[in-house]
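**Q** sequence unknown, structure follows:
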């Protein structure tokens, strides 16, 4: 299984944003939606081997997570507005503390932050994407279950980055230019595709 | 210079689409806007060495082109709606037959299709992105000016593909999985970034 965890440091977790101005009213959820498309959607299909966790930290008192499971998700359209509606509906549904509850097939939410997602990642090889780290092309990606952590446009909180590394995560980079989260995911997925194809 | 040409086979050229339903009313301009972001925007910046041409063939009687020049474009925001507004305004401005006219800094339009763009590509090494072609990682990308042609969700028109190859274009692929146009562009740009960085 391929897993991606994207941290939205400013992203609202209550779904209370305007579809006509997603960047300003949602804490840049547009960046995470772009990552969602890059992560799960390919030409005329869904990556069934991939799970994406969006960790929304805009309200430090009440972090929220959304999990999108490629093998179960239905009717995901690639445009930003459709994805925004999907995520907004998911965030407006009630969620449990620390336990994912499905709000529609393949889409689940929980009340909590990265810590509450960790039980799902037991046994997964953890990676951290950041500029300047060792090149993914030279890295061992052979673990059958791998989880890649990425920040948003403002990067990762220091404490969270340190905690991830303390869990055994290995740092990787995707190239010499600092890119949007979506593009970094595209490059990771491509490298995994190439390894899988031999 | 890096140039990307994206063909939108169904994309409307008159700007007459609804921002609340871009996919259905614009002929999938959302796919081209996603490509625009991937092509020109990086973390907190614009690729100043890149030019993107969107070729909108939705009305066969009246194709339109939009050119976005990284070195001159200002205030490009990465979210789909902002990019849609930018392109919509550009398309609603008057355009000349076969000659780009700037409608705001870095954004120009013309009346016409790929043929009318060709004079801009004189001396550029042409490439065609398509699944199954030789791997970009094994390809010579050393030309100082290179132009990459890509289709949208329905691919490229056969006649246009043949004409491009007849002009000397070399076919390339970016990996074993058929991806969205935006992701293919991300992978090309990354390969060019890596070559440039040595």
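**A** Arrived safely, thanks for sending. Computed from a predicted structure; not experimentally measured.

**Q** now the helices for chain A?
**A** All helices of chain A, identified by DSSP state H, fall at A:22-26, A:29-40, A:80-92, A:114-117, A:158-166, A:181-197.

**Q** I'd like those written out as a markdown table, with mean pLDDT, mean neighbour count and distance to chain B added.
**A** To be clear about C-beta, it is placed using only N, CA and C from the backbone, and glycine gets the same treatment. Output for those, formatted as a markdown table (pLDDT from 0 to 100; neighbours: other Cβ atoms under 10 Å in any protein chain shown; distance: least, Cβ to the nearest Cβ, whole Å):
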| stretch | mean pLDDT | mean neighbour count | distance to chain B |
| --- | --- | --- | --- |
| helix A:22-26 | 97 | 20 | 5 |
| helix A:29-40 | 98 | 27 | 4 |
| helix A:80-92 | 97 | 20 | 4 |
| helix A:114-117 | 97 | 17 | 21 |
| helix A:158-166 | 97 | 13 | 16 |
| helix A:181-197 | 98 | 22 | 4 |
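
**Q** out of these, which comes closest to residue A:98?
**A** Of all the helices of chain A, the one in closest proximity to residue A:98, counting by Cβ to Cβ, is helix A:114-117 (4.4 Å).

**Q** what's the distance between that closest one and the middle of its chain?
**A** 13 Å (Cα atoms, centre = their mean, to the nearest Å).

**Q** equivalent analysis for stretch A:90-97, please.
**A** Relative to the mean C-alpha coordinate of its chain, stretch A:90-97 is positioned 18 Å out (Cα atoms, centre = their mean).

**Q** again with stretch A:7-16
**A** Averaged C-alpha coordinates place stretch A:7-16 at 13 Å from its chain's average position (Cα atoms, centre = their mean).

**Q** now the end-to-end length of it.
**A** The distance separating the two terminal residues of stretch A:7-16, taken as Cα to Cα, to the nearest Å, comes to 18 Å.

**Q** give the buried residues for that stretch.
**A** A:7-13, A:15 (16 or more other Cβ atoms under 10 Å in any protein chain shown).

**Q** contacting residues around that stretch?
**A** The contact list for stretch A:7-16, computed with Cβ atoms under 8 Å, 6 or more residues apart in numbering or on different chains, reads A:25-29, A:31-32, A:54-59, A:62-64, A:87-92, A:114, A:149-152, A:154-157, A:160.

**Q** pretty sure residue A:90 is touching residue A:107, no?
**A** Yes - taking contact to mean Cβ atoms under 8 Å, the distance of 5.1 Å between residue A:90 and residue A:107 places them in contact.

**Q** overlap in contacts of these two?
**A** Common contacts of residue A:90 and residue A:107 (Cβ under 8 Å, 6+ apart): residue A:66.

**Q** start and end of stretch A:145-162, how far apart?
**A** 21 Å.

**Q** how far does that stretch sit from its chain's centre?
**A** If you compare the mean C-alpha spot of stretch A:145-162 with that of the full chain, they lie 10 Å apart, counting by Cα atoms, centre = their mean.

**Q** who's in contact with that stretch?
**A** Residues outside stretch A:145-162 that contact it (Cβ under 8 Å, 6+ apart): A:1-11, A:28, A:31-32, A:35, A:57, A:114, A:121, A:123-130, A:164, A:169, A:172, A:180-181, A:184-185, A:188, A:192, B:43-44.

**Q** may I see the buried residues of that stretch?
**A** Buried residues in stretch A:145-162, counting neighbours by 16+ other Cβ under 10 Å, are found at A:146-153, A:156-157, A:160-161.

**Q** ok, back up a step: any idea which of the helices of chain A gets closest to residue A:50?
**A** The closest of the helices of chain A to residue A:50 is helix A:29-40. By Cβ to Cβ, the value is 5.8 Å.

**Q** so which of the contacts of stretch A:145-162 sit within strands?
**A** A:2-8, A:125-129, A:172 (DSSP state E).
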